[in-house]
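>>> Provide a 3D model corresponding to the input given below.
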Amino acid sequence: QVQLVESGGGLVQAGGSLRLSCAASGRTFSNYATGWFRQAAGKEREFVAAISRNGGISTVTNSMKGRFTISRDNAKNTVYLQMNSLDPEDTAVYYCAARRGEYNFSTYKAIYDYDYWGQGTQVTVSS
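Residues are numbered from 1 along each chain as shown. Sure thing, here's the model as predicted:
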């Protein structure tokens, strides 16, 4: 089992920045690829970003490229999502997810790819 706990959410004005953290425990974190998803009220959960288990490969969904960056620190068992130039449309609950990485550079974008999920952290962007 892997336990994931997100933090760093909150209320921010449009144009501002937030850095979300996801702390993992329970297994060897460096064996797990991770991802960030978000779910706005009344909408389906959507992919935001993913990073391979060794941090060597990362990907961000096209609509957020240039604003969001995913990174990880395996020594701290933590994955991060840096969010800049936030817009009210970024308002959502943000979830961290993890699964065993098949290869060092494997990344995963689908909800069904992931076995473990955090409880989510709310991000609210005011206009």
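
>>> so who does the residue nearest the centre of the chain touch?
For the chain, Trp36 is the residue whose C-alpha lies nearest the centre (C-alpha atoms, centre = their mean; 2.4 Å). Trp36 makes contacts with Leu20, Cys22, Val48, Ala49, Ala50, Ile70, Val79, Leu81, Tyr94, Tyr95, Cys96, Ala97, as judged by C-beta atoms under 8 Å, 6 or more residues apart in numbering. Backbone N, C-alpha and C define where each C-beta goes, glycine included.

>>> And Leu4, by the same measure?
The neighbourhood of Leu4, defined by C-beta under 8 Å, 6+ apart, consists of Cys22, Ala23, Ala24, Cys96, Ala97, Ala98, Tyr116, Trp117, Gly118.

>>> Could you report the neighbour count for Asp87?
By other C-beta atoms under 10 Å, the residues close to Asp87 number 12.

>>> Thr78 too?
Around Thr78 there are 18 residues (other C-beta under 10 Å).

>>> quick one: it and Ser71 touch, right?
No - counting by C-beta atoms under 8 Å, Thr78 does not reach Ser71; the two are 9.3 Å apart.

>>> Over to Glu102: give its phi and psi.
phi -70, psi -40 (degrees, to the nearest 10).

>>> Count the neighbours of it for me.
Glu102, neighbours per other C-beta under 10 Å, totals 11.

>>> Among the contacts of Leu4, which one has the most neighbours?
Cys96 (29 neighbours).

>>> what's the distance between that residue and Glu46?
14 Å (C-beta to C-beta, to the nearest Å).

>>> what bridges to Ala50?
Gly35, Thr59 (DSSP bridges).

>>> How confident was the prediction at it?
On the pLDDT scale, Ala50 is placed at 98.

>>> what's the answer for Gly120, then?
For Gly120, the predicted pLDDT is 98.

>>> what about it, distance to Glu6?
Taking C-beta to C-beta, one finds Gly120 at 6 Å from Glu6.

>>> And Val79, by the same measure?
Taking C-beta to C-beta, one finds Val79 at 10 Å from Glu6.
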